[in-house]
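>>> Based on what follows, work out the 3D shape:
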Amino acid sequence: MSNLACHTDRMNIESVIYKSIIPDGQPQELAAILDEIVATIKQFVIIGEEEAIALAVWVVHTCLFRQRDAVAYVAIQSPEKRCGKTTLLSVLAGLADKALVASNVSVGALFRAIDEAGPTLMEPPDLPRILEADLWAREEAAR
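The predicted model follows:
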């Protein structure tokens with residue numbers, strides 16, 4: 001993504017795990033950045049223009065949300081199976097700042113990751129079930 005003019009900071013331990021987007025210090029044209037993100041999303045996912053624009057704004061938001069009082073969440077839903085939800089999640093994880101796809105993760109590891117690195121949490125649709133199963137397993141082990 002050439003217009004983003006960013007690089008991965010390899011000096012921090014958290015950047016070994018999470019790709020942190022760091023601006024290069026030069027002013028960037030937001031419209032060009034959004035256009036490039038939209039094009040990247042549409043390259044891999046069949047999606048409407050308005051939806052792609054909204055997701056592009058959300059991707060930029062992942063770099064800036066720490067300076068705001070509110071956080072935007074994205075819910076990827078569809079009544080159809082095999083329609084590209086996981087592909088879209090993967091594309092967004094590749095574009096978002098410090099993305100962490102939270103599938104097959106224990107509750108403890110998830111909270112440690114959030115506490116240590118503050119990643120953009122990419123929640124798969126089955127995460128509530130995964131966390132519930134982990135909690136159930138811990139309760140059973142404690143008995």
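
>>> got any ranges where this protein has weak pLDDT?
For the chain, the stretches flagged by pLDDT under 70 are 1-19, 21, 103-104, 124-139.

>>> Helices along that one, start to end?
Using DSSP state H, the helices of the chain run over residues 14-17, 30-44, 49-64, 85-95, 107-117, 127-142.

>>> Could you pull out the buried residues of the second one?
Using 16 or more other Cβ atoms under 10 Å as the test for burial, helix 30-44 gives 33-34, 36-38, 40-42. C-beta coordinates here come from the backbone N, C-alpha and C atoms, glycine included.

>>> Which neighbouring elements make contact with it?
helix 49-64, helix 85-95 (3 or more Cβ pairs under 8 Å, 6 or more residues apart in numbering; DSSP states H and E).

>>> Save the helices of the chain as a markdown table, and put in distance to I76 too.
Listed next are these as a markdown table, based on distance: least, Cβ to Cβ, whole Å:
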| stretch | distance to I76 |
| --- | --- |
| helix 14-17 | 23 |
| helix 30-44 | 12 |
| helix 49-64 | 9 |
| helix 85-95 | 5 |
| helix 107-117 | 19 |
| helix 127-142 | 12 |
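
>>> tell me which of the buried residues of helix 30-44 is nearest to L64?
Checking the buried residues of helix 30-44 against L64 by Cβ to Cβ gives I33 as the nearest, at 11.8 Å.

>>> my guess is that closest one contacts C63, does it?
No: assessed by Cβ atoms under 8 Å, I33 is found out of contact with C63, at 9.9 Å.
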